[in-house]
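A.B. asks: okay, here's the prediction I keep looking at, along with the sequence it came from:
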There are 2 protein chains.
Amino acid sequence: MTEPLDRSRIAVVLVAPRNPLNIGAVARAMSNFGFFDLRLVDAYEVAYREAKSAIHAGAVLEAAREFPSLAGAVADCSLVIGTTSGERRTLHHRLVRLEAARPDLAANAGRTAILFGSEKFGLSAADLDLCHWSLRIPARPEHGSMNLGQAAAVILYELIRDSGSTAPRLVHRADATALGRLEGLLLEALAESGYHQTPATVGKIRRLIRRLEIPPHDAEVWQGIFRQILWKLRHNRERNDESPDEV
Amino acid sequence: MTEPLDRSRIAVVLVAPRNPLNIGAVARAMSNFGFFDLRLVDAYEVAYREAKSAIHAGAVLEAAREFPSLAGAVADCSLVIGTTSGERRTLHHRLVRLEAARPDLAANAGRTAILFGSEKFGLSAADLDLCHWSLRIPARPEHGSMNLGQAAAVILYELIRDSGSTAPRLVHRADATALGRLEGLLLEALAESGYHQTPATVGKIRRLIRRLEIPPHDAEVWQGIFRQILWKLRHNRERNDESPDEV
């Protein structure tokens, strides 16, 4: 089950981005995950132009809007979320771990802005003053600073990932009849090969086969393999029986 | 509650990476999320050198190991997972959505390899034959192709994110070296048995064996079984060769 987060109500806001590769990477992650509202505040002009000309940028960068101030960029948003590595400074407001942030974002009826600061300095204190709260990606404290494009990809992924209890993965296994056939063929092949058998061998082989958890179709393929091997073992023996062994 | 996925048991394997920025970005995401075992197969030498000299690369790239073949790179891994956008081709094996993949990864008792293909071509069919299954990031079907560094960041984040479930039951699997030996013995036995082989047979047998998910000790028992069968097949043939067939 997917929690119904409306992607069209999420805006990604880059504040003072400097590297065209990063702008392009954010746009690409947005396109990958189905977010199309990109806004840039005080973008370094050359970087923005270069990003626009990059491959993979596509529709998101084409439709991106520029704003002279952060206040203008988030004017239509009813929830404004900062992003931070959360290490360097005391924050004046709530800092939420990414996994815990999603329900609030999904529940906001209006438009939500997610802010990313510049590569070098992050969001300023003044930027954060315009945020309701901030979220942080749970990176290692020793290396919390993430690449901008990667941070955006991780956050957007968290927003679209299937949060409900996912349906359990069904495991398809061959039935006992198929396993019994396989077991019989293997025991015959072992007998023909002179494999040392004890009274415990049958039980051991049974358990050995069951521990494999063979899918239904594969059980037939394995039967085919052992039939072929068994046929060859018998065929060889019969030919040997015909031509008596001198040894 | 965080499910205790042991990060030290996860290896990230880049197959034929070409772009130093991407190699660096993968290493950075690994460092952010606490993964330190990076392996490169057939890396473009210049790209690798450039990546190593980049900032933010740090300890992960310093400790990265190079391998001439994928088989060598995953030899000590008991679970090998491919990554794919899952769009372009029919896969011969199971394709699991990222959110659903984590429990299996957390449950693997041995070392797990997560494979990323080259930026241009992804993983080859032969690479995928060495995988137990593949995972895909749930990107939009219309734009499923993700940047390598961003894909790695998203996948590693999913592995470390707080999933809220309880401790997994560990699943013990034979490593790739043991499976390779088994595969070799089975192919020899099939050849001795006159099993109809096509160029696709090796790949089919590889996938067939990997779908079994054989426990480590059992891999040795199966090797013993196939060695015995193979010995008998050869022994019979040699005796037949000595006593010419009249038929």
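C.D. replies: Thanks, I have it.

A.B. asks: buried sites along the lowest-mean-pLDDT helix or strand in chain A?
C.D. replies: Taking mean pLDDT, DSSP states H and E as the measure, helix A:45-52 is the helix or strand of chain A with the lowest mean score, a mean of 79. Buried positions in helix A:45-52, judged by neighbour count with 16 or more other C-beta atoms under 10 Å in any protein chain shown: A:47-48, A:50-51. (C-beta placed from N, C-alpha, C; glycine too.)

A.B. asks: can you redo the residues you listed as TSV with distance to chain B?
C.D. replies: Shown next, in TSV, are those (distance: C-beta to the nearest C-beta, whole Å):
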residue	distance to chain B
A:Ala47	16
A:Tyr48	19
A:Glu50	15
A:Ala51	13
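
A.B. asks: farthest pair in the residues you listed?
C.D. replies: A:Tyr48 and A:Glu50 (7.3 Å; C-beta to C-beta).

A.B. asks: overlap in contacts of these two?
C.D. replies: Overlap of the contact sets of A:Tyr48 and A:Glu50 (by C-beta atoms under 8 Å, 6 or more residues apart in numbering or on different chains) consists of A:Pro20.

A.B. asks: any figure for the gap between the residue in chain A that chain B sits nearest to and B:Glu242?
C.D. replies: Residue nearest to chain B within chain A: A:Asn236 (3.4 Å; C-beta to the nearest C-beta). A:Asn236 sits 12 Å away from B:Glu242, taking C-beta to C-beta, to the nearest Å as the criterion.

A.B. asks: and A:Val154, by the same measure?
C.D. replies: Counting by C-beta to C-beta, the separation of A:Val154 from B:Glu242 is 68 Å.

A.B. asks: comparing those two, which residue is more hemmed in?
C.D. replies: A:Val154 (26 against 11; other C-beta atoms under 10 Å in any protein chain shown).

A.B. asks: got the phi/psi numbers for the nearest residue to that one once chain neighbours are set aside?
C.D. replies: Nearest non-adjacent residue to A:Val154, counting by C-beta to C-beta, 6 or more residues apart in numbering or on different chains: B:Tyr157, 4.6 Å away. Dihedral pair for B:Tyr157: phi -60, psi -50, per degrees, to the nearest 10.

A.B. asks: so B:Tyr157 makes contact with B:Phe33?
C.D. replies: Yes. At 6.3 Å, B:Tyr157 counts as touching B:Phe33 under the criterion of C-beta atoms under 8 Å.

A.B. asks: max-length helix in chain A?
C.D. replies: In chain A, assigned by DSSP state H, the helix with the most residues is helix A:216-242.

A.B. asks: quick one, it and helix B:216-242 angle?
C.D. replies: Interaxial angle, helix A:216-242 versus helix B:216-242 (axes from the mean of the first three to the mean of the last three C-alpha atoms, to 10 degrees): 30 degrees.

A.B. asks: distance from the chain centre to helix A:216-242, please.
C.D. replies: Remark: helix A:216-242 is offset 43 Å from the chain centroid, using C-alpha atoms, centre = their mean, to the nearest Å.

A.B. asks: what is that helix packed up against?
C.D. replies: Counting contacts by 3 or more C-beta pairs under 8 Å, 6 or more residues apart in numbering or on different chains; DSSP states H and E, helix A:216-242 packs against helix A:176-193, helix B:176-192, helix B:201-210, helix B:216-242.

A.B. asks: residues making contact with the first one?
C.D. replies: Yep, that's helix A:176-193 we're talking about. With C-beta under 8 Å, 6+ apart as the criterion, helix A:176-193 contacts A:174, A:197, A:201-202, A:205-206, A:209-210, A:214, A:216, A:219-220, A:222-223, A:226-227, A:229-230, A:233-234, A:237, B:225, B:228-229, B:231-233.

A.B. asks: now do that helix: distance to the chain's middle.
C.D. replies: The answer for helix A:176-193 is 41 Å, by C-alpha atoms, centre = their mean.

A.B. asks: quick check: angle from that helix to helix A:216-242?
C.D. replies: 30 degrees.

A.B. asks: could I get the buried residue list for helix A:176-193?
C.D. replies: Applying 16+ other C-beta under 10 Å to helix A:176-193 flags A:178-179, A:181-183, A:185-190, A:192-193 as buried.

A.B. asks: need the max-distance pair from those residues.
C.D. replies: Of all the pairs that the buried residues of helix A:176-193 form, the one spanning the most space (C-beta to C-beta) is A:Ala178 and A:Ser193, at 22.6 Å.

A.B. asks: which residues sit in contact with A:Trp231?
C.D. replies: B:Ser193.

A.B. asks: which residues of chain A fall in helices?
C.D. replies: A:20-33, A:45-52, A:58-62, A:70-73, A:98-107, A:125-129, A:148-160, A:176-193, A:201-210, A:216-242.

A.B. asks: show me the contacts for the residue of chain A closest to chain B.
C.D. replies: B:233, B:236-237, B:239-240.

A.B. asks: one more: A:Glu238?
C.D. replies: A:Glu238 neighbours (C-beta under 8 Å, 6+ apart): none.

A.B. asks: ok, now A:Leu148?
C.D. replies: Counting by C-beta under 8 Å, 6+ apart, A:Leu148 has contacts A:14, A:17, A:19, A:22, A:25-26, A:116, A:119.

A.B. asks: most neighbours among those, which one?
C.D. replies: Counting by other C-beta under 10 Å, top hit in the contacts of A:Leu148: A:Val26 with 30 neighbours.

A.B. asks: so it touches A:Val15, yeah?
C.D. replies: No. At 11.8 Å, A:Val26 does not count as touching A:Val15 under the criterion of C-beta under 8 Å.

A.B. asks: joint contacts of these two?
C.D. replies: Shared contacts of A:Val26 and A:Val15, counting by C-beta under 8 Å, 6+ apart, come down to A:Phe116.

A.B. asks: circling back: now, which of the contacts of A:Leu148 lie close to chain B?
C.D. replies: By C-beta under 8 Å from any C-beta of the partner chain, the members of the contacts of A:Leu148 lying near chain B are A:Ala25.

A.B. asks: now, the most widely separated pair of the contacts of A:Leu148?
C.D. replies: A:Asn19 and A:Phe116, at 12.0 Å, using C-beta to C-beta across the contacts of A:Leu148.

A.B. asks: as JSON lines, the contacts of A:Leu148 with pLDDT would be great.
C.D. replies: JSON lines is the format used below for these (pLDDT from 0 to 100):
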{"residue": "A:Leu14", "pLDDT": "97"}
{"residue": "A:Pro17", "pLDDT": "92"}
{"residue": "A:Asn19", "pLDDT": "89"}
{"residue": "A:Asn22", "pLDDT": "91"}
{"residue": "A:Ala25", "pLDDT": "93"}
{"residue": "A:Val26", "pLDDT": "95"}
{"residue": "A:Phe116", "pLDDT": "97"}
{"residue": "A:Glu119", "pLDDT": "86"}
